[in-house]
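Asks: here is a sequence with its predicted model. Questions after.
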Amino acid sequence: MDTLEPPRRGPLPKAWLDAERRFIVRLAQPPRATVVLLGLLIAIHVLGGVLVPSDSGTWQRIFGLRPAEIMVALGARDGALVAEGEVWRLVSSGFLHWDVAHLFMNGLALWGLGRLCEVVFGPVRFFWLFLLCVIGGNVLSQTAHVEIVSAGASGGVFGLLGALVAFGLSRRASLSPPLREVFTKQLFPWILLNLGIGILLPFIDNRAHIGGLVTGAVVALVLGDSLTDDHRPWPWATVAMALAFGLAVGWAGSMVAFHAGFGAAP
């Protein structure tokens, strides 16, 4: 009786093995950039509750739902003000949250996606990617919701999701099947689920989510990655991206301080 033997597998492509090795090693390292960004979001939320006066107590200002006028004072995106020239709100609004629940949900997503983005793109490019996706999401939102006040890091979070899926699709030839699944089949349903939730819930700014998603996918193709080919940007490019992130966030923060009456004009 003939027996059927399973087909013999040849040696795995070296690119697959290298990518898997880098993925395992880097995923085991502490996600320092993600922790720093989460710490920044938490610190901004707490400081906003302490610094901005209102009729409610400090506890309520930190943990409770904040009124729209307080959020505008802290730098939320007011479509009318942005149209009048306060474009810095396209940056600052991505670092604000309406309440602790809003911060927790975005922070939870950022923790998971940020760790993967650090593995794939490195910490500096991760910061740069998040910032550009925040801006891209707010720009698309601005085209339709001039009268709406919005805030939150979800545009940036969607951008990280889009960047990871774009990475998985564009580098699929250099990724082993298990890694390919991580960056495509396991992440793509989350895009559909969250966009569907945004359609069902009218208070969610789905345009910001879509804008961040598309921005992340495009930027990921331009940035390159450090997983499949171990590509690292030139030192000057790394410094430039770090400075650009710091200057953009610092500029937006100084404008918030000025317009909210916390300091002098920059």
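Replies: Great, that's in hand.
Asks: mean confidence for stretch 98-111?
Replies: The average pLDDT for stretch 98-111 rounds to 95.
Asks: likewise stretch 252-260?
Replies: For stretch 252-260, the per-residue pLDDT averages 75.
Asks: okay, buried residues for it please.
Replies: 252-257, 259-260 (16 or more other CB atoms under 10 Å). Backbone N, C-alpha and C define where each C-beta goes, glycine included.
Asks: how far away from the center of its chain is it?
Replies: Averaging C-alpha positions (CA atoms, centre = their mean, to the nearest Å) puts stretch 252-260 22 Å from its chain's average.
Asks: could you dump it to PDB, C-alpha only?
Replies: In PDB, the C-alpha atoms belonging to stretch 252-260 read as follows (Å, rounded to 0.1, in the frame of the first residue of the first chain):
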ATOM      1  CA  ALA A 252       0.900  74.100  19.700                       C
ATOM      2  CA  GLY A 253       1.500  74.000  23.500                       C
ATOM      3  CA  SER A 254       2.800  77.600  23.600                       C
ATOM      4  CA  MET A 255      -0.300  78.800  21.600                       C
ATOM      5  CA  VAL A 256      -2.600  77.000  24.000                       C
ATOM      6  CA  ALA A 257      -0.900  78.800  26.900                       C
ATOM      7  CA  PHE A 258      -1.200  82.100  25.200                       C
ATOM      8  CA  HIS A 259      -4.800  81.800  24.200                       C
ATOM      9  CA  ALA A 260      -5.900  80.300  27.500                       C
END
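Asks: got any ranges where the protein has weak pLDDT?
Replies: Applying pLDDT under 70 to the chain picks out residues 1-12, 53-54, 145-146, 229-238, 260-266.
Asks: how many residues are close by the closest residue to Met255 other than its chain neighbours?
Replies: Nearest residue to Met255 in three dimensions, chain neighbours excluded: Trp88, at 4.3 Å (CB to CB, 6 or more residues apart in numbering). Trp88 sits with 21 neighbouring residues when counted by other CB atoms under 10 Å.
Asks: now do Val52
Replies: By other CB under 10 Å, neighbour count at Val52 equals 18.
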